[in-house]
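Visitor: take a look and give me a structure for this.
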Amino acid sequence: MATPLLSPTRLPRTLQALWAQRTLSKSLEQTISPKSVGAATAAASCAEVGQGGHVIFADDPGHAVLPASNMKLITAEALLEKLGPGYRFTTEAAVASPPVDGVVEGNVYIVGGGDPLLRLPSYVASLEYGGPVYTDVTALATLLKAAGLRRVMGSVVGDDSRYDAMRSVPSWPATYAEEGDVGPLSALSVDDGTVPPQTPAPAGAPPPEQVAALVTELLEQDGISVGGVPEVGRTPASAHVLARLVSPPLSQILGEVLRESDNTAMELMTKELGLKVSGAGSTAAGTATVRAVLAADGLPLRGFVNVDGSGLSRLDRVTCALLVAVLERAGAHSVLVRDLPIAGVSGTLADELKGTVAAGRVQAKTGSLNGVKALSGWALPAPGQGLGNSLLYSPVVFSLVLNDLPISLADPATLTDRFALDVAEYPQAPALSVFEPG
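Guide: Residues are numbered from 1 along each chain as shown. Just a heads-up that it's a prediction; the model follows:
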């Protein structure tokens, strides 16, 4: 039989837990006080911390704020629920008629399957946080050569008709593309929509033309001649598939995207979500699906607005209560959480909190926009944590989203770092013996 809440044997543990929670609350209150972050920021932000399904600290958690890339957590959870962790993206190479003696009389169509991590190895090597999870586009030429292809009389044609023609989200400022925050959105793109320097595509060419040009070059490097110039078009309905290039599973893709905070990839997956659930490969269909998933899960949606999947739009709104609810629903050791950046170790947190008790234990999603800094995730317990009290030995979930930060602030990450460190230092309280009856 479970021990009653007010049993004398339970009381010392309960009192010690309350002491630890109050100590944490005092520390967090100071960390995000108007004196520490400024009055405007304190009024425009939200925070929540929980353990074991109970809220142990809250500061306006229902206030709707700009989430920046913390939106990716919400989109990712919907992707896992509706598509499943084993879902894969497939890029196909097709022809109108099968080759004869290795010769294709017409075109070779590269059919985009929305693969968000279709990349060149050289691009992956250039990424600050990029890891080994991606789909090597050079394998297309290898697969076609293995299929017996020797010559293409026509052209290589890029087909990105899987999704709509919208290359961006209307509320995004032009500076996002100019500064490389996000590439053009296309069901057939390589290297996040950037033009590989060795690709003979004209400046400003749309993504499917970039890929067609790249594949043309890869084929010729592999000894397969191509007669025509790269083109963009639709694949004939009766086309014969010569090769299929399959991505890693969604569980691994999401880990890579969340570690890198890859905006382009998350937006492509948002369109895929819309396509698979409602039949429309659009941002609007994808974001509507996310809202439907959250509602079906009974999560707190008051104030929630998702104009996109990545959190780039300044029209997006999320509450800390929702972020914590999504993380709690997923769990501290879930597919969603296991590959998040780790403090002092990986991804966008690799350079944060090194040499502190948070290093290696805080797994969280960062978020940054002008005037916005966010950090939401889990602090895993250290060996021996809990002061001998089972009530205190479990992961701690948290969310902090700061808005209206001064643009002149030198390093906003110091604010979220301090919050994460406070959480990682929990619990702090006297020994159990102090609370036992004398």
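Visitor: going forward, measure contacts between C-alpha atoms and count neighbours the same way
Guide: Will do.
Visitor: identify the residues contacting stretch 252-263?
Guide: With contacts defined as CA atoms under 8 Å, 6 or more residues apart in numbering, stretch 252-263 is touched by 69, 72-73, 76, 117, 129-131, 133-134, 181-182, 265-266, 310, 312, 336, 338-341, 346-348, 365-366.
Visitor: in helices, which of those residues appear?
Guide: 72-73, 76, 265-266, 336, 338 (DSSP state H).
Visitor: picking that back up, quick one: buried ones out of the contacts of stretch 252-263?
Guide: Buried by 16 or more other CA atoms under 10 Å: 69, 72-73, 76, 117, 129-131, 133-134, 182, 265-266, 310, 312, 336, 338-341, 346-348, 365-366, out of those.
Visitor: how far does the longest helix along the chain sit from its chain's centre?
Guide: The residue-count maximum for a helix in the chain (DSSP H) belongs to helix 11-31. Distance of helix 11-31 from the chain centroid (CA atoms, centre = their mean, to the nearest Å) equals 33 Å.
Visitor: show me what that helix is packed against.
Guide: Helix 11-31 sits against strand 54-59, helix 413-425, with contacts defined as 3 or more CA pairs under 8 Å, 6 or more residues apart in numbering; DSSP states H and E.
Visitor: and among these, the most buried is which?
Guide: Greatest average neighbour count among the helices and strands packed on helix 11-31 goes to helix 413-425 (a mean of 20), per mean count of other CA atoms under 10 Å.
Visitor: give me the residues contacting that helix.
Guide: With CA under 8 Å, 6+ apart as the test, helix 413-425 has contacts from 24, 27-28, 31-32, 37, 352-353, 356-358, 361-362, 373-375, 379-380, 396, 398, 400.
Visitor: only the buried subset of these, as a PyMOL command please.
Guide: Applying 16+ other CA under 10 Å to those, the buried members can be selected in PyMOL as follows:
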select buried, resi 24+27+28+31+32+37+352+353+357+358+361+362+373+374+375+379+380+396+398+400
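Visitor: out of the contacts of helix 413-425, which sit inside strands?
Guide: Applying DSSP state E to these, the entries found in strands are 362, 373-375, 379, 396, 398, 400.
Visitor: quick check: the farthest pair among these?
Guide: Greatest spatial distance among the ones in strands among the contacts of helix 413-425 (CA to CA): Lys373 and Val396, at 20.1 Å.
Visitor: surely Ser368 and Ser69 touch.
Guide: Yes. Counting by CA atoms under 8 Å, Ser368 does reach Ser69; the two are 6.6 Å apart.
Visitor: how close does the closest residue to Pro206 other than its chain neighbours sit to Asp160?
Guide: Closest residue to Pro206 apart from its sequence neighbours, by CA to CA, 6 or more residues apart in numbering: Pro184 at 8.0 Å. To Asp160, Pro184 is 12 Å away according to CA to CA, to the nearest Å.
Visitor: who's more crowded, those two?
Guide: With neighbours defined as other CA atoms under 10 Å, Pro184 and Asp160 compare such that Asp160 has more, 26 against 19.
Visitor: what residues are up against that one?
Guide: 111-113, 186-188, 208, 234.
Visitor: go with 10 Å
Guide: Going by CA atoms under 10 Å, 6 or more residues apart in numbering, Asp160 touches 110-114, 185-189, 206-209, 232-235.
Visitor: and it, how far from Met71?
Guide: Distance of Asp160 to Met71, computed by CA to CA: 26 Å.
Visitor: quick one on the thing from earlier: what touches both of Pro184 and Asp160?
Guide: Common contacts of Pro184 and Asp160 (CA under 10 Å, 6+ apart): 206-207.
Visitor: how about low-confidence regions in the stretch 101-250 of the chain?
Guide: Within the stretch 101-250 of the chain, the segments meeting pLDDT under 70 span 195-200.
Visitor: show me where it has strands.
Guide: Per DSSP state E, counting those that start in this stretch, the stretch 101-250 of the chain carries strands over the ranges 103-104, 108-111, 118-119, 135-136, 151-152, 156-159, 225-226, 231-232, 240-246.
Visitor: what about the residue lying closest to Pro427 once chain neighbours are set aside, how many neighbours?
Guide: Leaving aside its sequence neighbours, Pro427 sits nearest to Ala20 (CA to CA, 6+ apart; 5.2 Å). Residues near Ala20, counting by other CA under 10 Å, number 20.
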